[in-house]
Structures are given as C-alpha cells and as structure tokens.
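Please find the sequence and the predicted model below.
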Amino acid sequence: MPFGQVQGFFVDSCVLLPHQSESIRKSCIDFLKEAASRCSICSSVKNEAFEVIDRAYGIIVSDFRANLKPFLEKNGIKELTNRHGKTLASFFSERKRSFKITFPQRSNVRSEIIGAIENYVASQLHSLKDGVKIATDDFIASMMTQLAIVEHDLKAPFMGLRLVEIKPNVQITSLIVLKALIANPRDVEHLGSALEFQYKENKWVIFVTTDDAEILSKERDMFEVFGLQCSKPEWALDYYRDMTRMKSPIEHFHETPNYTERQKEFGKTIEKAMGIKILSL
C-alpha cells in the first residue's frame, strides 16, 4: 500500500494573474517562491488565462491607436515634452472611465496593463530634459512596443510551470456540476482536469486557487465526494505535507468507510469514464 504519492499542485489562473488586493498578491507570490518546482497548470487554465490577457491587450491597443493621437491633436499637441504630463493623465482617466462602461472585466488584467503603460508614459515624459520634444507618432509607437512587453510579462509565469495537456471526460465534469454545484464551465473544466490526472496517475493533486466564490466555498464537497483537495495559496503546503503521509488516492478511496451516495456515483463514473476502480464494493 503506497504512501507519499503526491504529484504536487495544480495552479489556477488567478494565482498567476495580477490581483488588486495586495494581501492576495503577496500570498500567491510567497506560495510560488516556495513551491513553483512542484506546480503544474492544466491546458484549460493556460488557455483561459491567455484568452483573458489577449483580449485585454487587444482592447487597449486598439483603443489607444484610435484615440490617443486625435486626443493630442484636439489639445494642439503634435510633439510631446515634459510639460504634457497633465494632458496625458487626463487621457488615461478618460479611457479608464470608458473601459469600465464598455468592457466590464472579471479579472484585474486590464487594469494591470493600463497601470503599467501609464507608469511607463509618466516615466518617459519625466525623463525628458527641458526643451526636448518627441513626435507623437514616435511616442505612440514606443507605447505600443511597451504594451507588447507588458503582455509578454503577464504570460511569462504560465510559461515557467509544467504544462499538463488534458481534456477531462464530460461524465466527470457533469458530475462536478451536479454534486459540487459549481456552475462556471471554466472552473469545472480545470477541476475535472485535476481529478482525471489524480486518478490516472494515482497521485494526490492539490488545486490551488484564490477563487472563494466558485471553488473554495465548495472545498469540503470537492474532497469528501471526489477526493480532490482545493486550497488557498496560504495553506497549500500544509495540505501537501499531510498528504505525503496518506495512502495513494485510489487506496484512500478504497478504504473509505460507508460510502455516501455521491461517493458511490463518483466511483462508478470514474470506472466507466476511465476504467479505474476506486470503490471497494
């Protein structure tokens, strides 16, 4: 009976994407510093994150290309100097107000991109010596280059982790919806991927996320019914330590006393979908 069968952590996109809350941001950074070598991301997590980043980047680039030069011309500016900071501050404020109405966001990615490029613009203007002028076309081209760098930097954390290419069986994801009452289809796919990997490899997986509303609120059900531990970054290493002392997932499920009806249904679904028997019935 094997012990210590722990694969490591499957990381949700929200752990790697920027957060508005400084405390959450710090908890994610601290966790990754300690555990990055034991972290993986499933393909659905990477795809979701890149879609969010690409969409935010595309919206901002298109908007700035369409609106910045006309805005400057409206203010009589054809060349930029270190005296035009307040004008550009007004532009950023105007565009942020417009984005909130036109493109509501679920993540903090768009705000992070805008904040990064606004900081870049301010830094570039303030670095100009008195009397030095830059053509608006050249300045806008420089901004577009910097935006591409910001986009790359947002994607970089996902490229540094082990990628697990997996498409979870629809029978498993359907059961997560019905028994854990998780409605977000992306979250269901991520959790289904982690579950399928865990039982295929017979190694414990800890799904690390900051999503309180959709996933962490169902943490107890996810483990009791499916045997998948979900955790905030702050506590993930504690679960990892304890799981190194546990029997492997299949052995653990085999020895679970008095299966509930939901556990029985999950066990039968795993056997049908994956050909793996985890019930001792």
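Looks like it arrived, so ask away. Numbering: from 1, shown residues only.

helix/strand/coil for Val132?
Under DSSP: H, G, I helix; E, B strand; the rest coil, Val132 falls in the coil class.

Could you count how many residues lie near it?
When counting by other C-beta atoms under 10 Å, one arrives at 11 neighbours for Val132. C-betas here are computed from N, CA, C, even on glycine.

Over to Phe91?
So Phe91, with other C-beta under 10 Å, has 19 neighbours.

would you say it is within a helix?
Yes - applying three-state DSSP, one finds Phe91 inside a helix.

ok, now how distant is the nearest residue to it once chain neighbours are set aside from Asp63?
Among residues not flanking Phe91 along the chain, Phe71 sits closest, at 5.2 Å (C-beta to C-beta, 6 or more residues apart in numbering). Distance, Phe71 to Asp63, by C-beta to C-beta, to the nearest Å: 11 Å.

now the strands for the protein?
6-11, 39-42, 79-80, 134-135, 162-164, 204-208, 229-231 (DSSP state E).

out of those, deepest packed?
strand 204-208 (a mean of 27; mean count of other C-beta atoms under 10 Å).

could you give the angle of it to strand 6-11?
Strand 204-208 and strand 6-11 are oriented at 20 degrees to each other (axes from the mean of the first three to the mean of the last three C-alpha atoms, to 10 degrees).

can you list the residues that contact strand 204-208?
Strand 204-208 is contacted by residues 5-12, 15, 31, 39, 190-191, 194-195, 197-198, 215, 222, 228-233, 236, 239-240, 243, 246, 248-249 when judged by C-beta atoms under 8 Å, 6 or more residues apart in numbering.

top helix in this structure by residue count?
helix 43-74 (DSSP state H).

Against which helices or strands is that helix packed?
Packing contacts for helix 43-74, counted by 3 or more C-beta pairs under 8 Å, 6 or more residues apart in numbering; DSSP states H and E, involve helix 13-16, helix 85-102, helix 109-126, helix 136-159, strand 162-164, helix 185-201.

Now render these as JSON lines, adding distance to Asn67 and mean pLDDT.
Compiled in JSON lines, the helices and strands packed on helix 43-74 are given as follows (distance: least, C-beta to C-beta, whole Å; pLDDT from 0 to 100):
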{"stretch": "helix 13-16", "distance to Asn67": "29", "mean pLDDT": "96"}
{"stretch": "helix 85-102", "distance to Asn67": "7", "mean pLDDT": "93"}
{"stretch": "helix 109-126", "distance to Asn67": "13", "mean pLDDT": "96"}
{"stretch": "helix 136-159", "distance to Asn67": "11", "mean pLDDT": "97"}
{"stretch": "strand 162-164", "distance to Asn67": "37", "mean pLDDT": "97"}
{"stretch": "helix 185-201", "distance to Asn67": "31", "mean pLDDT": "96"}
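
Go through the ones you listed and name the closest to Ile24.
helix 13-16 (8.6 Å; C-beta to C-beta).

just how off-centre is that closest one within its chain?
3 Å (C-alpha atoms, centre = their mean, to the nearest Å).

Equivalent analysis for stretch 221-241, please.
In terms of C-alpha atoms, centre = their mean, the centre of stretch 221-241 is set 18 Å apart from its chain centre.

which outside residues touch that stretch?
Contacts for stretch 221-241 (C-beta under 8 Å, 6+ apart): 6, 8-9, 15, 27-28, 30-32, 34-35, 38, 176, 179-181, 191, 194-195, 198, 204-210, 215-216, 218-219, 243, 249, 252-253, 260, 262-263, 266.
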